[in-house]
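J.: below is the sequence, then the predicted model.
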Amino acid sequence: MHFRLSARTIISRLIITLALSAIVGFLLGNTFLFVAFSSVTILIWHYHHLLKLIKWLWRSKTISPPESEGVWGRIYDGLYRQTKKYRKKQKILNEKIRQFRDGAEALPDAALVLSDELIIEWGNKKAQRLLGIRWPGDIGQRIDNLLRFPEFSQYLEEGNFETPCHIPSPINAEVILELRLMAYGTEQVLFLARDVSKIHRLEEMRRDFVANVSHELKTPLTVVRGYVEMVQMTEHALDPYWHKVFNTMETQVSRMDRLVEQLLVLSRVEVKTDEEDKQFIDMPKLINALVDDSKWLNQEKNHQVSAEIDEKLCIEGIDNEIKSACLNLISNAISYTPANGNIFISWQMAGNKAKFLVKDDGPGIRPENVNRITERFFRVDKSRSRDTGGSGLGLAIVKHVLNHHHAELSINSKWGEGSEFIIYFDPKCVRVIS
Ligand code: ADP
């Protein structure tokens, strides 16, 4: 440790040295020569240390600087302390990086650190196994250059990273990956890929099971319905007791038939559709037909059905799916609105989106149930829903259909005052005819 060296000490030392050499020179009869000699010696001494410092900075492998006294000792000492401080910080940082890497390696998911331009900066070993990323060869590559799947490109384009994206693994098409992107820090994105093949297979099995059972139930139901209708036409049905029995049987068979039909529709719409299956849909024609049907359907309840339809507004989508979604909203309004109520249907542009609205002044939905009514088999009031023949599947079907059509369902309802179900279609589906 060197003593403190102030600017005053350094300058006074220099002056003393020069003054001493001037005195010696004066005594020996050549002041200038002695002062010049001392100055050059001081300069050489400084240059010597400067070169030593450069050599140490650029070529030396040790962190201890060269030994020296005075001002250079002070410089070396300061540099040594700075280097030690920097090394200590680097050690702490390295430890933190090691802990982060260990944590990332322990994850059950493939993890990649991307720049905000989606360039790969780092990844764990799982990323090599699940995504086929090679180290260090793929560092610096854009992730969408390595994962070339239309679903993934679309996911990046849409930029809605709250929901995951599913793609097959690039090294094994049977492995299904769930991808998530999360921004962190200022310019980094964390990319996580999880193997969800098992869940996917179970989901597929559940879907197939429901579809198969529903399909198998259709034939016996048709037979039973046929027999019930046949018996209803015979003289047995004239007996008031049997008349009631057969009517109940017919109602229940019809309910079951509707339920099976909805289960089949749900298992159909649950499967992801190809963008190529989408066609131009003449929405004004489709909605006008549904409005006419609804007027006919609600004769008993005498609802006031009014509609406002933009005759030029069409969309691109899957015809029977869109029809089923719109029909579900209209038939719900008819089922749940009491007699003499009002139902308003509208098909208009709202900003750059197309908006399909069904509004009624029925009983409304309690706020705590609004978020749940699109769950399958969820019915707010089971007995009321049973009376209307409801299965609790209608809005689940609507939700799945909308997922295929870049569309959203918005539900506004005030308990006791009525409900408003709105479908917003994304501008990319909207087609305006001239
Ligand atoms: P359901 O076949 O039972 O009608 P849905 O999935 O279509 O099944 O609807 C779920 C629940 O949402 C219904 O049971 C009903 O309670 C509520 N609901 C749907 N539409 C309306 C509406 N227009 N007014 C009041 N409640 C509604």
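T.: On my side now, so go ahead.
J.: how far away is the single nearest residue of the stretch 51-200 of the chain relative to the ligand from residue 252?
T.: The minimum distance from the stretch 51-200 of the chain to the ligand, using Cβ to the nearest ligand atom, falls at residue 163 (21.5 Å). In this view, the C-beta of every residue, glycine as well, is placed from N, C-alpha and C. Between residue 163 and residue 252 the computed distance is 39 Å (Cβ to Cβ, to the nearest Å).
J.: so between these two, which is more surrounded?
T.: residue 252 (12 against 9; other Cβ atoms under 10 Å).
J.: and the residue of the stretch 51-200 of the chain closest to the ligand, helix, strand or coil?
T.: Using DSSP: H, G, I helix; E, B strand; the rest coil, the structure places residue 163 in coil.
J.: that's a helix at residue 424, yeah?
T.: No. Counting by three-state DSSP, residue 424 is not part of a helix but strand.
J.: who does it form a beta bridge with?
T.: Counting by DSSP bridges, residue 424 is bridged to residue 355, residue 408.
J.: and residue 122, by the same measure?
T.: Beta-bridge partners, per DSSP bridges, of residue 122: residue 113.
J.: then residue 359?
T.: With DSSP bridges as the criterion, residue 359 is bridged to residue 344, residue 420.
J.: just give the number of residues close to it.
T.: 18.
J.: quick one: it and residue 341 touch, right?
T.: No. Using Cβ atoms under 8 Å, residue 359 is not in contact with residue 341, being 10.7 Å away.
J.: any chance you could map the helices in the stretch 1-150 of the chain?
T.: 7-28, 31-58, 70-106, 125-131, 143-146, 150-158 (DSSP state H, counting those that start in this stretch).
J.: ok, now the stretch 151-300 of the chain?
T.: 197-232, 240-269, 283-297.
J.: would you reformat those helices as JSON lines and include distance to the ligand and mean pLDDT?
T.: As requested, those are arranged in JSON lines below (distance: least, Cβ to the nearest ligand atom, whole Å; pLDDT from 0 to 100):
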{"stretch": "helix 197-232", "distance to the ligand": "15", "mean pLDDT": "90"}
{"stretch": "helix 240-269", "distance to the ligand": "7", "mean pLDDT": "88"}
{"stretch": "helix 283-297", "distance to the ligand": "12", "mean pLDDT": "91"}
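J.: to residue 423, which of the ones you listed lies closest?
T.: Minimum separation from residue 423 across the helices of the stretch 151-300 of the chain (Cβ to Cβ) falls at helix 283-297, 10.8 Å.
J.: sheet partners, orientation included, of the next helix or strand after the closest one?
T.: Following helix 283-297 in sequence order, the next helix or strand is strand 304-309 (DSSP states H and E). According to DSSP bridges, strand 304-309 forms sheet pairs with strand 342-350 (parallel).
J.: buried ones in the strand it pairs with?
T.: Across strand 342-350, burial judged by 16 or more other Cβ atoms under 10 Å covers 343-347.
J.: output those of those residues also counted as contacts of the ligand.
T.: By Cβ under 6 Å from any ligand atom, no member of the buried residues of strand 342-350 lies near the ligand.
J.: got JSON lines for those residues, with pLDDT too?
T.: Below are these laid out as JSON lines (pLDDT from 0 to 100):
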{"residue": "343", "pLDDT": "95"}
{"residue": "344", "pLDDT": "96"}
{"residue": "345", "pLDDT": "96"}
{"residue": "346", "pLDDT": "97"}
{"residue": "347", "pLDDT": "97"}
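J.: how about the residues of the chain by the ligand?
T.: Residues of the chain lying near the ligand by Cβ under 6 Å from any ligand atom: 328, 332-333, 336, 360, 362-363, 365, 373, 378-381, 385, 390-396, 419.
J.: could you dump the helices of the stretch 151-300 of the chain to TSV with distance to residue 140?
T.: TSV is the format used below for the helices of the stretch 151-300 of the chain (distance: least, Cβ to Cβ, whole Å):
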stretch	distance to residue 140
helix 197-232	30
helix 240-269	42
helix 283-297	48
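J.: and the gap between residue 77 and residue 350?
T.: Counting by Cβ to Cβ, the gap from residue 77 to residue 350 is 73 Å.
J.: typed the wrong thing, it's residue 200
T.: Distance, residue 200 to residue 350, by Cβ to Cβ: 36 Å.
J.: what does residue 164 give?
T.: 29 Å.
J.: try residue 29
T.: 106 Å.
J.: below-threshold pLDDT in the chain: ranges please.
T.: Counting by pLDDT under 70, the ranges of the chain that qualify are 1-4, 382-389.
J.: tell me the domain ranges of it?
T.: Listed domain ranges for the chain are 7-93, 107-195, 199-270, 276-432 (source: automatic domain parsing).
J.: which of these sits most buried?
T.: Mean neighbour count (mean count of other Cβ atoms under 10 Å) peaks for domain 276-432 among the domains of the chain, with a mean of 17.
J.: residue contacts, residue 146?
T.: Neighbouring residues of residue 146 by Cβ atoms under 8 Å, 6 or more residues apart in numbering: 120, 131-133, 138, 170.
J.: likewise residue 284?
T.: By Cβ under 8 Å, 6+ apart, the contact set of residue 284 is 309-314, 347.
J.: ok, now residue 11?
T.: The neighbourhood of residue 11, defined by Cβ under 8 Å, 6+ apart, contains no residues.
J.: residue ranges for the strands of the stretch 301-434 of the chain, please.
T.: Along the stretch 301-434 of the chain, counting by DSSP state E, counting those that start in this stretch, strands occupy 304-309, 313-317, 342-350, 353-360, 407-414, 418-425, 430-432.
J.: export those as TSV, with columns for distance to residue 276.
T.: Formatted as TSV, those follow (distance: least, Cβ to Cβ, whole Å):
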stretch	distance to residue 276
strand 304-309	28
strand 313-317	11
strand 342-350	26
strand 353-360	21
strand 407-414	18
strand 418-425	19
strand 430-432	16
